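Colleague: model this:
(one chain, ligands or ions: 2)
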Amino acid sequence: MKDFLAIADYTPEEIQAILDQAVELKKEWSEKGNSPLFKNKVLAMIFQKPSLRTRVSFDMAMRHMGGDALYLSPAEIGLGKRESIADVARVVSGYVDVIMARVFDHQHVLELAKWADIPVINGLSDYNHPCQASADALTIQENLGNLKNLNVTYIGDGNNVSVSLMHICAKLGANFTIANPEGYGMDQEAVALGEKFAQESGSSIRQLTDPVEAVQGAQVIYTDTWVSMGQDEEGAKRKAVFPPYQVNQKLLEGADKDAIVLHCLPAHRGEEITDEVADGPNSRLFPQAHNRLHAQKAILVKLLT
Ligand code: CP
Ligand code: NVA
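Modeller: Ligands and ions are numbered 1, 2, ... in the order given. Prediction:
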């Protein structure tokens with residue numbers, strides 16, 4: 001596999017190998033620093049949307065391992081506007097060793113990968129967020145052992161983050177439940193794909209509308225923004241529909257006592273999650289964010305070595 005565009009493209013064994021690599025690199029980093037595996041390698045980071053975690057974790061992943069990264073802002077590249085995606089892909093392929101791109105339309109990252117001679121990593125699209133899911137699985141693994149037979153519940157919008165989380169759960173044998181308002185569910189083609197993976201791993205996928213039912217027996221509770229980047233015009237409408245899907249202390253009381261709470265961040269405190277939960281004993285929000293660094297390193301090792 002040349003690229004890292006979707007969890008769905010990788011086998012359970014390959015995903016587990018990336019997670020194992022991340023564990024090893026994290027340990028190595030804390031003990032003596034990583035070896036310079038990416039010496040003379042450069043990552044181009046193409047962003048059509050803002051970012052904190054994805055940008056900084058990829059940049060630092062390259063630096064920790066002896067390489068370098070270039071940030072290419074929306075204004076600079078004008079992907080598909082100033083220049084065609086096919087031309088950008090072919091030009092950048094001659095300068096650097098790997099591309100990470102955050103795009104609005106998932107087709108644009110597929111197009112980039114089609115034309116690039118070098119690996120392309122999906123740093124989030126409107127469809128999915130596979131780098132995030134890798135860090136999520138790493139965090140779940142660290143807290144609860146492997147994902148097999150765990151119950152992972154996602155509360156809120158059936159968005160890009162939920163799709164990759166569903167796929168990584170289904171690939172690794174965790175039961176995935178989503179509770180979303182009517183009309184805000186996940187892409188049904190992505191669900192069909194998830195169901196196939198779940199069947200192969202012996203796990204299940206449930207799509208509910210009741211958050212209280214969804215958290216029963218959950219060991220992991222996950223949420224994300226109600227208004228993703230690019231959906232600003234729908235903001236007011238969404239904020240009127242989603243409040244029953246807030247992850248708060250009352251909802252948490254219906255889950256396993258030791259359930260961990262995850263959020264890809266940025267969090268909109270007081271909307272999809274309360275301060276009490278985000279900063280409470282069940283929260284793993286910051287270790288999860290920090291795990292982006294280690295997951296990113298493992299993905300880069302997979303593609304560059
Ligand atoms: N979770 C995540 O991808 O964060 P950024 O948007 O800050 O990169
Ligand atoms: N669903 C969010 C995730 C941000 C990391 C968005 O697309 O804006």
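Colleague: what residues does the stretch 51-200 of the chain have near ligand 2?
Modeller: Residues of the stretch 51-200 of the chain found near ligand 2 (Cβ under 6 Å from any ligand atom) are 124, 159, 160, 161. Any C-beta I mention is one placed from the backbone N, CA and C, and that applies to glycine too.
Colleague: please report phi then psi for the first one.
Modeller: Pointing back at residue 124 there. Here is the backbone geometry of residue 124 (degrees, to the nearest 10): phi 120, psi 130.
Colleague: list the contacts of it.
Modeller: Contact analysis of residue 124 by Cβ atoms under 8 Å, 6 or more residues apart in numbering lists 49, 51, 54, 102, 103, 131, 132, 160.
Colleague: ok, and the closest non-adjacent residue to the fourth one?
Modeller: In other words, residue 102. Counting by Cβ to Cβ, 6 or more residues apart in numbering, residue 102 lies nearest to residue 123, which is 4.0 Å off, once chain neighbours are set aside.
Colleague: right, and the one you found touches residue 58 too?
Modeller: Yes: between residue 123 and residue 58 there is a contact under Cβ atoms under 8 Å: 7.2 Å.
Colleague: now the common contact residues for the two.
Modeller: Residues touching both residue 123 and residue 58 by Cβ under 8 Å, 6+ apart: 45, 100.
Colleague: among the residues of the stretch 51-200 of the chain next to ligand 2, which are within reach of ligand 1?
Modeller: Okay, of those touching ligand 1 (Cβ under 6 Å from any ligand atom), that's residue 124.
Colleague: take the residues of the stretch 51-200 of the chain next to ligand 2 and keep only those in helices.
Modeller: 160, 161 (DSSP state H).
Colleague: do you know how far the residue nearest in space to the middle of the chain is from residue 122?
Modeller: Closest to where the C-alpha atoms of the chain average out (Cα atoms, centre = their mean) is residue 132, at 2.0 Å. Distance, residue 132 to residue 122, using Cβ to Cβ, to the nearest Å: 10 Å.
Colleague: tell me which stretches of this protein form helices.
Modeller: 12-31, 53-64, 74-77, 85-93, 106-115, 130-144, 160-172, 188-201, 211-215, 235-241, 249-252, 275-278, 285-304.
Colleague: list the buried residues of the second one.
Modeller: By neighbour count, with 16 or more other Cβ atoms under 10 Å as the criterion, the buried positions of helix 53-64 are 53, 54, 55, 56, 57, 58, 59, 61, 62, 64.
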